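A.B. asks: what's the 3D shape of this:
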Amino acid sequence: MIKTSYLSKTVQELQPSGIRKFFDLAATMEGVVSLGVGEPDFVTSWSVREAAIASLEQGHTSYTANAGLLELRKEITKYMKRSFNLEYDPYHEVVVTVGASQALDIAMRAIINPGEEVIVVEPSFVAYAPLVSLAGGIPVPLATKGENGFKLTAKDLEAVITPKTKALLICSPNNPTGTQLNKEDLLALSHIIEKHDLVVFSDEIYAELAYDEEFVSFASINGMRDRTVVINGFSKGFAMTGWRLGFVCAPYELAEAMLKIHQYAMMCAPTMAQYAAVEALKNGMHDVEDMRRSYRARRNYIVKSFNEIGLDCHVPGGAFYAFPSIKKTGMTSEKFAERLLLEEKVAVVPGSVFGTSGEGYVRASYASSFEQLQEAVQRMRRFLENL
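C.D. replies: Okay, here's the model as predicted:
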């Protein structure tokens with residue numbers, strides 16, 4: 001029998017993902033309408049799937065370069081230039097990873113020294129703080145407020161900076177709130193970043209899913225490119241979650257440090273997925289636009305519906321999540337989500353799993369068909385009426 005004393009103290013102290021509890025429970029029930037999974041309901045474009053099939057037929061089954069196929073890295077730099085006006089060297093400033101999560105992992109491990117602090121803007125994706133801890137750093141939560149649309153302000157940022165602060169981790173558009181930071185927001189933050197000489201980990205996985213304002217990469221703000229690690233990938237905007245393919249763009253010294261870790265821990269990303277991604281970047285943008293239009297329509301419907309049934313909900317600028325307040329019910333977010341699942345078979349994620357500032361809210365993904373969204377709203381309306 002394995003003793004727990006054999007385990008790393010860091011791992012022992014990590015809490016399991018709060019999202020899994022509700023997914024596992026929902027999986028045991030029939031007739032559940034799930035608004036829980038943060039995954040596109042679109043199938044990967046046929047031309048992208050076809051490119052992967054062709055790569056197998058042509059025998060491309062060996063390792064690629066550690067940093068990824070050069071052809072893919074070149075396409076990524078073209079994409080970054082045309083979409084975000086950012087220039088990167090495909091030879092030394094781009095690393096293709098196994099999803100954006102691995103990109104975040106190697107970025108943390110390459111830059112954070114034991115005991116250094118990383119400010120994590122909350123509500124946040126459940127993996128952020130654990131990744132900081134696993135890299136030996138100290139995650140410092142920075143709560144945003146619902147009345148402010150969950151936007152990070154320069155004043156709030158500066159208030160939590162200490163001599164141990166090394167970096168800031170942001171996600172825009174945000175998971176779980178959908179909040180998007182515009183150019184003015186980022187510019188205000190950049191002054192604080194420069195003043196305190198911080199690194200920025202910018203998770204931009206939802207960059208293609210911005211609805212009302214143009215997406216602006218933090219690295220494109222004047223003076224920020226050389227201190228920003230851009231995390232992105234193909235899962236959300238290109239509907240390629242199962243392909244597990246992401247990438248990181250960063251200044252030479254930072255990218256080379258990440259590549260060291262990547263080559264020892266992972267060797268390279270899956271070869272067939274890389275060939276598929278080349279096709280996605282070359283010829284898949286029209287499908288991305290179609291998905292964006294569909295998500296925007298669903299967002300408008302779900303936000304309007306939540307407000308109509310009494311769940312106050314701000315309008316998310318991007319991603320595919322709504323984050324309605326359930327404070328009027330008097331329940332905790334976990335109790336609300338549990339009762340909603342058991343009584344009406346609708347799965348949402350309690351806001352508390354995304355940080356203390358998420359308490360009083362639930363995350364509802366609208367990456368589902370209109371029919372499912374309508375059914376979910378009907379059940380939630382009945383649930384609220386019966387309280």
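A.B. asks: residues touching Phe354, list them.
C.D. replies: Going by CB atoms under 8 Å, 6 or more residues apart in numbering, Phe354 touches Glu122, Pro123, Ser124, Phe125, Val126, Pro176, Arg363. Every residue, glycine included, has its C-beta placed from N, CA and C.
A.B. asks: C-terminal to the helix ranked longest in the chain, what's the next element?
C.D. replies: Counting residues, the longest helix found in the chain (DSSP state H) is helix 285-308. Downstream of helix 285-308, the first helix or strand assigned by DSSP states H and E is strand 321-322.
A.B. asks: beyond the worst-scoring helix or strand of the chain on mean pLDDT, next helix or strand please.
C.D. replies: Comparing helices and strands within the chain by mean pLDDT, DSSP states H and E singles out helix 18-27 as the least confident, with a mean of 71. Moving toward the C-terminus from helix 18-27, the next helix or strand (DSSP H and E) is strand 33-34.
A.B. asks: show residues contacting that next one.
C.D. replies: Ala26, Lys345, Val346, Ala347, Ser365, Ser368, Gln372, Glu375, Ala376, Arg379.
A.B. asks: which element is the last one on?
C.D. replies: The reference is to Arg379. Using DSSP H and E, Arg379 falls within helix 370-386.
A.B. asks: other SSEs contacting that helix?
C.D. replies: Counting contacts by 3 or more CB pairs under 8 Å, 6 or more residues apart in numbering; DSSP states H and E, helix 370-386 is packed against strand 33-34, helix 285-308, helix 333-344, strand 346-347.
A.B. asks: which of the residues in it are buried?
C.D. replies: The neighbour-count check on helix 370-386 (16 or more other CB atoms under 10 Å) flags Gln372, Leu373, Glu375, Ala376, Val377, Arg379, Met380, Arg381, Phe383, Leu384 as buried.
A.B. asks: tell me the spacing between the fifth one and Ile261.
C.D. replies: When distance is defined by CB to CB, to the nearest Å, Val377 is 45 Å away from Ile261.
A.B. asks: repeat for the first one
C.D. replies: As for Gln372, its distance to Ile261 is 40 Å (criterion: CB to CB).
A.B. asks: please name the nearest non-neighbouring residue to Thr153.
C.D. replies: The shortest distance from Thr153 to any non-neighbouring residue, by CB to CB, 6 or more residues apart in numbering, is to Ala188 (7.3 Å).
A.B. asks: same check on Thr162?
C.D. replies: Glu117 is the one closest to Thr162 (CB to CB, 6+ apart), at 6.3 Å.
A.B. asks: thought Val303 was touching Val315?
C.D. replies: Yes: at 5.5 Å, Val303 and Val315 qualify as touching, with contact defined as CB atoms under 8 Å.
A.B. asks: of the two, which one has the most company?
C.D. replies: Val303 (21 against 15; other CB atoms under 10 Å).
A.B. asks: contact partners for the more buried one?
C.D. replies: Contacts of Val303 (CB under 8 Å, 6+ apart): Cys313, His314, Val315, Pro316, Ala322.
A.B. asks: contacting residues for the last one?
C.D. replies: Going back to what we said before, that points to Ala322. Contacts of Ala322 by CB under 8 Å, 6+ apart are Gly178, Arg299, Ile302, Val303, Phe306, Cys313, Pro316, Arg363, Ala364, Tyr366.
A.B. asks: ok, now with 6 Å
C.D. replies: Ile302, Val303, Cys313, Ala364 (CB atoms under 6 Å, 6 or more residues apart in numbering).
A.B. asks: closest one of those to Ser217?
C.D. replies: Val303 (25.6 Å; CB to CB).
A.B. asks: now that closest one: how far from Asn175?
C.D. replies: Taking CB to CB, one finds Val303 at 16 Å from Asn175.
A.B. asks: can you check the pLDDT for Gly149?
C.D. replies: pLDDT recorded at Gly149 is 94.
A.B. asks: next, count neighbours for the closest residue to it other than its chain neighbours.
C.D. replies: Leaving aside its chain neighbours, Gly149 sits nearest to His314 (5.1 Å; criterion: CB to CB, 6+ apart). By the measure other CB under 10 Å, the count of residues near His314 is 21.
A.B. asks: in this structure His314 contacts Asn148, no?
C.D. replies: No: the pair His314 / Asn148 is not scored as a contact, 9.3 Å apart, by CB atoms under 6 Å.
A.B. asks: ok, so of the buried residues of helix 370-386, who is nearest Arg244?
C.D. replies: Set against Arg244, the nearest of the buried residues of helix 370-386 by CB to CB is Gln372 (25.6 Å).
A.B. asks: separation between the closest residue to the closest one other than its chain neighbours and Leu373?
C.D. replies: Leaving aside its sequence neighbours, Gln372 sits nearest to Val33 (CB to CB, 6+ apart; 5.4 Å). Noted for Val33: a distance of 9 Å to Leu373, by CB to CB.
A.B. asks: equivalent analysis for Pro324, please.
C.D. replies: Taking CB to CB, one finds Pro324 at 13 Å from Leu373.
A.B. asks: so the strand or helix carrying Ala273 versus helix 285-308, what angle?
C.D. replies: Taking DSSP H and E as the criterion, Ala273 maps to helix 271-283. Counting by axes from the mean of the first three to the mean of the last three CA atoms, to 10 degrees, helix 271-283 lies at 90 degrees to helix 285-308.
A.B. asks: name the surrounding residues that touch helix 271-283.
C.D. replies: By CB under 6 Å, 6+ apart, the surrounding residues in contact with helix 271-283 are 47-48, 51-52, 55-56, 60, 64, 68-69, 71-72, 75, 79, 234, 238, 243, 245.
A.B. asks: likewise stretch 44-52?
C.D. replies: Stretch 44-52 has contacts (CB under 6 Å, 6+ apart) with Ala239, Met240, Met272, Tyr275, Ala276, Glu279, Ala280, Asn283, Gly284, Asp287.
A.B. asks: ok, now stretch 172-181?
C.D. replies: Contacts to stretch 172-181, defined as CB under 6 Å, 6+ apart, come from residues 123, 125, 149-151, 206, 210, 316-319, 321, 323, 354, 363.
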